[in-house]
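Visitor: Build me a model from this:
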Amino acid sequence: MRVCVVRLNPDIRAGKPYSSYPTAKEYSEIHNSSPMNGFEEGVNFLAEDGIIRGYLPPKHAISIRDGKPFILITITAKTAKQGGDLIIGIQFNCKYLGEKTRLNLKDKNKSLSWHYSCYENDSFIFDKPLINARQIILGENVSWHRMPLIELDDFEGMRVLNFILSQIDNTNKKEMESLVHLNFNDIEEDEVGLSNEDLSKIRLHKRVERDRNLIKKVKQLKGYTCEICDINLENKYGEIGKGYIEAHHIKPVSKIKGTVVIRDLRDLKNDFAVLCPNCHRMIHRSKNIEDIENFKMKYLGI
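Guide: Got it, this is the predicted structure:
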């Protein structure tokens, strides 16, 4: 997935006072006092019904307008008088939707603009901003002219992402790591036409299913035979199929609070099923993502 960097001035709107670099708590307070008012500079991390609607400065890069998802790293301008040259957050699976307007709750004569959206669970504001943003982003090979948004090539994008992950001290770090290494282009097909609720559910399942240490334990406990179609890939393909199976998360998403999932290992057998790649993909496309038995009955007549 492409990595983009947007440069914003710190949000210095008049009204409720807060620091030049708003904390997550302050963003929440701003949201409660004047919901979604102030996209012009910097308030790109407020959620509304689980969705972020973010602002991009004028003359932002044309390359993101093709509708394909992108990762957006937000930094503050180096020339800002206060709170400048900071990396303040990152958002995954952003979609550019064109310039849209919404009501300005403080000044009805001035509309507010927003350009892209992402899910709240894919948006992270850092507990502490990273300093020297421009140096981190540019490295030795990137040039940044007057455009407020740039797109990094694959190598530079991964360099920056890995550096950020090595530096941040954030309760959501594990979630970010899984998203950085997730190939979104590989899973877009099974998300087409789904509702926001279904998409959020599927993405949370996929994120949990990519916890490597956890999945290793699941496979050791449950073995390597698909619990839907009973195929064993070693029996079918020989040596290349040995030890290959995928773990599917079946614990109801409604029982998971937030994005940090902690499990007692004794419950792994109930929380997960082991599935072959075909059944795993199909159950994610179905309405039975949390119900193995109903899926088997409906689609396989078992």
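Visitor: Which parts of this structure are helices?
Guide: Assigned helices in the chain, in chain order: 24-33, 133-138, 154-167, 173-180, 196-208, 212-222, 233-237, 268-271, 277-285, 292-295 (criterion: DSSP state H).
Visitor: Give me the mean pLDDT for stretch 150-168.
Guide: Averaging pLDDT along stretch 150-168 yields 87.
Visitor: Only the buried residues of that stretch, if you could.
Guide: By neighbour count on 16 or more other Cβ atoms under 10 Å, the buried set for stretch 150-168 is 150-152, 156-157, 159-161, 164, 168. (Each C-beta comes from the backbone N, C-alpha and C, glycine too.)
Visitor: Just put those in JSON lines and tack on distance to residue 64.
Guide: Formatted as JSON lines, those follow (distance: Cβ to Cβ, whole Å):
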{"residue": "150", "distance to residue 64": "10"}
{"residue": "151", "distance to residue 64": "7"}
{"residue": "152", "distance to residue 64": "12"}
{"residue": "156", "distance to residue 64": "16"}
{"residue": "157", "distance to residue 64": "13"}
{"residue": "159", "distance to residue 64": "20"}
{"residue": "160", "distance to residue 64": "17"}
{"residue": "161", "distance to residue 64": "17"}
{"residue": "164", "distance to residue 64": "20"}
{"residue": "168", "distance to residue 64": "24"}
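Visitor: any idea which of these is closest to residue 127?
Guide: residue 168 (7.5 Å; Cβ to Cβ).
Visitor: Double-check that closest one against residue 130; I have them as touching.
Guide: Yes. Residue 168 is within contact range of residue 130, at 7.0 Å (criterion: Cβ atoms under 8 Å).
Visitor: Spatially central residue for this structure, please.
Guide: Among the residues of the chain, the one closest to the centroid is residue 122, at 2.5 Å (Cα atoms, centre = their mean).
Visitor: Now it: closest residue in space that isn't a chain neighbour?
Guide: residue 92 (4.2 Å; Cβ to Cβ, 6 or more residues apart in numbering).
Visitor: Is there a neighbour count for that neighbour? I'd like the number.
Guide: As a burial measure, residue 92 scores 24 neighbours (other Cβ atoms under 10 Å).
Visitor: contacting residues around it?
Guide: By Cβ atoms under 8 Å, 6 or more residues apart in numbering, the contact list for residue 92 reads 1, 71, 118, 122-123, 176, 179-180, 184.
Visitor: redo that, cut-off 6 Å
Guide: Residues near residue 92 by Cβ atoms under 6 Å, 6 or more residues apart in numbering: 71, 122, 179.
Visitor: Check residue 165 too.
Guide: Here residue 165 is in contact with residue 177 (criterion: Cβ under 6 Å, 6+ apart).
Visitor: measure it to residue 174 for me?
Guide: Distance of residue 165 to residue 174, given as Cβ to Cβ, to the nearest Å: 10 Å.
Visitor: now do residue 296
Guide: 32 Å.
Visitor: same question, residue 6
Guide: In terms of Cβ to Cβ, residue 6 sits 25 Å off from residue 174.
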